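Trainee: give me a model of this one.
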Amino acid sequence: MNALADLIKRHLGLKLADMNEQMWVSHCQSRNREPSLAVYCREITTAAKSIFDAHSIAWQTTKDSILKARNIARQRGAEFMVLLYHQRDFIYYEKVIGEPPPSSHYEFMASQTMKDFCQQNGIALIDTYGPLTTYLNGLAQPVALTSLPFFRRDGHMNEIGQRLVAQTVLDYIESRQHSEYAKK
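Mentor: As a prediction, this is how the structure comes out:
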């Protein structure tokens, strides 16, 4: 009897979750310019409510770890750089909501704080936001979910996203090599 009750709860729970997602999708489809991406509306609006705290223990620990890694790289004669990845909800924000993310957005504030920190500490930074959003904005409409740089379900970058990041890093390295060559 308990197993049957659990089965019914799980089935109803999934149905309710699907209905809730459909409600968000309908709401977003009416206000965004890319209806096929409306499935990300809830994720994006929920993430936008998060607050970045530059005084948090997590950020302090991150800064300490980056400085330690930079020092280890210097001791070994290697150049240290930070590769700034962004979450799917930040990359897709403008396509789904129809306007750029606000400057109060968690990820906007976190990335700006990271950029400032790296600049103050002489650390090279490669930001993936521009290349990913440029790619996304260049897709034909309606956007096919299979052409997106993130997996549909878990939010990690798929092969498309990883290739874009790899190309961004390669472009950065090649531009550095050209500028080093020009100095000689």
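Trainee: burial count for the closest residue to residue 160 other than its chain neighbours?
Mentor: Counting by CB to CB, 6 or more residues apart in numbering, residue 149 is the residue found nearest to residue 160 once chain neighbours are left out, at 4.7 Å. Where you see a C-beta, it was placed from the backbone N, CA and C, and this is true even at glycine. The local packing of residue 149 (other CB atoms under 10 Å) involves 23 other residues.
Trainee: check residue 42 too.
Mentor: By the measure other CB under 10 Å, the count of residues near residue 42 is 17.
Trainee: got it, and residue 84?
Mentor: Neighbours of residue 84 using other CB under 10 Å come to 16.
Trainee: burial of residue 49, as a residue count?
Mentor: Around residue 49 there are 9 other residues, counting by other CB under 10 Å.
Trainee: same check on the one 4 residues further on?
Mentor: For residue 53, the count of nearby residues is 13 (other CB under 10 Å).
Trainee: could you look up the SS state of it?
Mentor: coil (DSSP: H, G, I helix; E, B strand; the rest coil).
Trainee: which residues touch it?
Mentor: For residue 53, the contact set (CB atoms under 8 Å, 6 or more residues apart in numbering) comprises residue 59.
Trainee: next one: phi and psi at it?
Mentor: Dihedral pair for residue 53: phi -120, psi 110, per degrees, to the nearest 10.
Trainee: how about residue 167?
Mentor: Dihedral angles (degrees, to the nearest 10) for residue 167: phi -70, psi -40.
Trainee: ok, it touching residue 132?
Mentor: No. Using CB atoms under 8 Å, residue 167 is not in contact with residue 132; the gap is 10.8 Å.
Trainee: of the two, give the one with the bigger neighbour count.
Mentor: Using other CB under 10 Å, the more surrounded residue of residue 167 and residue 132 is residue 132, with 24 against 12.
Trainee: and the more buried one, what does it touch?
Mentor: Contacts of residue 132 by CB under 8 Å, 6+ apart are 86, 91, 149, 161, 164, 165.
Trainee: using CSV, please lay out those residues together with secondary structure.
Mentor: Shown next, in CSV, are the contacts of residue 132 (three-state DSSP):
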residue, secondary structure
86, coil
91, helix
149, coil
161, helix
164, helix
165, helix
